[in-house]
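Trainee: Coordinates for the following, if possible.
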Amino acid sequence: MKTVLYFYESAFTMWRRRMAGICEEAGKKGWRIQPVNVDVLSGSARGVLDYWKPVGVIVDGGTLNRAGFGVGNYSKVPAVFCDADRKSLGRPSYRLKHDSDDTARIAARELVSLNSESLGYVSYHTSRDWSDSRRKVLEKIGKEDGVPVSTFDSVAARAGADIGVFLNRLAGFIRNLVFPAGILAANDEMAALVLAAAESAGVSVPEELAVIGIDNDELICENTHPTLSSVAPDFERSGRLAVQLLSRCIDEGGANPETVMYGAAQLMRRRSTRMDAERDPRIVRALEFIRRNACSGATAKDVVAVIGQKERSAENRFKAVCGHSIRDALLAVRLDRAKRLLADTDLPISAVCQECGYSDERSLRYLFAKATGRSPNEWRAQHGL
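Mentor: Here you go, the predicted model:
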């Protein structure tokens, strides 16, 4: 059986989701996947390669910064690099890249839908292309919707400072926002610091400040106070794509380097952006109804009937609990379904429209472009298997 190595960092739980996708797709090819945790290795990548003699490797980009695990160590074996900065690679490569714009757009739209009077962005604490990309998306959407956006430069705030000084500076940034406000953090790690700083600043979450992170790292998101809402990149799909890309690399002898994109899976709403729906069984029923029926043509009036109140009261209660309107909830489910059909099938746009509950193709194209910044065909070309 052919062996493929997967080099990862255990500090980030996303590797498990990517590993699930890798193993699922590798099983179709009869490959054996051997995970390699660089956090526990004292040697180098070359020593691991000499031992296992793999037919190829899949490498998480973060591991390239470790001594003995730089990109040059993989020059003699077919390799796919996941979420690696071009600077780290230094040469054209078979590369898998997360669509940070897509993920940030989902978070930004959510924050705007909460009627935020101002928006803030908290960058990653070291300079990263993906952090800058997410900031630009938030600024663009804020400008489109007339909501001012300010940025907290974590790199500058961290210079010559310990964590106490850093948090004090972040708390000052939060106090200067116009409430109610929303903050998008570069990732869950930074979002957890935002929640800590908000507490020290005496700013209540989510009543005054809504906070969203990126990655949906459950070890972080489920253990902050309050729990953290986060956009989950589709790491499982990235694993499947990585295996397909590696197969092409092997077949082509590495002759045609390319970059393949993958997007977001879903927004996981927790207490940092909404009240607890579990305290209102009517909203729980409404959310389940939306999940099951949005793509079958359910309307906002149908959801109001499930809640069992007058239309205005039902809409107000739903928004108070969930942080967004019934219509936005319906559209989010349809959009997620459309993305998956476009990425994973070759169904024509007309069929996707019918499968997702859109009234017509024009509505699908308009709403899809508004939410993603791309047409359905452009999305399929970039994210399709």
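Trainee: Give the helix, strand or coil label for Ser359.
Mentor: coil (DSSP: H, G, I helix; E, B strand; the rest coil).
Trainee: mind giving me the domain ranges of this structure?
Mentor: Taking automatic domain parsing as the criterion, the chain consists of the domains 2-99+234-266, 100-232, 275-371.
Trainee: Make a markdown table out of the ones you listed and add distance to Ala381.
Mentor: In short, each C-beta sits where N, CA and C put it, glycine included. A markdown table is the format used below for the domains of the chain (distance: least, CB to CB, whole Å):
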| stretch | distance to Ala381 |
| --- | --- |
| domain 2-99+234-266 | 10 |
| domain 100-232 | 14 |
| domain 275-371 | 9 |
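Trainee: To Gln382, which of those domains lies closest?
Mentor: domain 2-99+234-266 (5.0 Å; CB to CB).
Trainee: just to revisit the earlier point, now the domains of the chain in JSON lines, with mean neighbour count and distance to His383?
Mentor: Formatted as JSON lines, those follow (neighbours: other CB atoms under 10 Å; distance: least, CB to CB, whole Å):
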{"stretch": "domain 2-99+234-266", "mean neighbour count": "18", "distance to His383": "6"}
{"stretch": "domain 100-232", "mean neighbour count": "19", "distance to His383": "9"}
{"stretch": "domain 275-371", "mean neighbour count": "17", "distance to His383": "5"}
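Trainee: now the ones you listed in TSV, with mean pLDDT?
Mentor: Shown next, in TSV, are the domains of the chain (pLDDT from 0 to 100):
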stretch	mean pLDDT
domain 2-99+234-266	91
domain 100-232	94
domain 275-371	86
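Trainee: Report all helices and strands that the helix or strand hosting Asn168 contacts.
Mentor: Here Asn168, judged by DSSP states H and E, is contained in helix 163-175. With contacts taken as 3 or more CB pairs under 8 Å, 6 or more residues apart in numbering; DSSP states H and E, helix 163-175 sits against strand 118-122, strand 149-152, helix 154-158, helix 188-201.
Trainee: starting at the chain centroid, how far to that helix?
Mentor: With CA atoms, centre = their mean, to the nearest Å as the basis, helix 163-175 stands 25 Å off its chain's centre.
Trainee: could the helices and strands packed on helix 163-175 be laid out in a markdown table, adding distance to Asp99?
Mentor: As requested, these are exported to a markdown table (distance: least, CB to CB, whole Å):
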| stretch | distance to Asp99 |
| --- | --- |
| strand 118-122 | 18 |
| strand 149-152 | 21 |
| helix 154-158 | 22 |
| helix 188-201 | 18 |
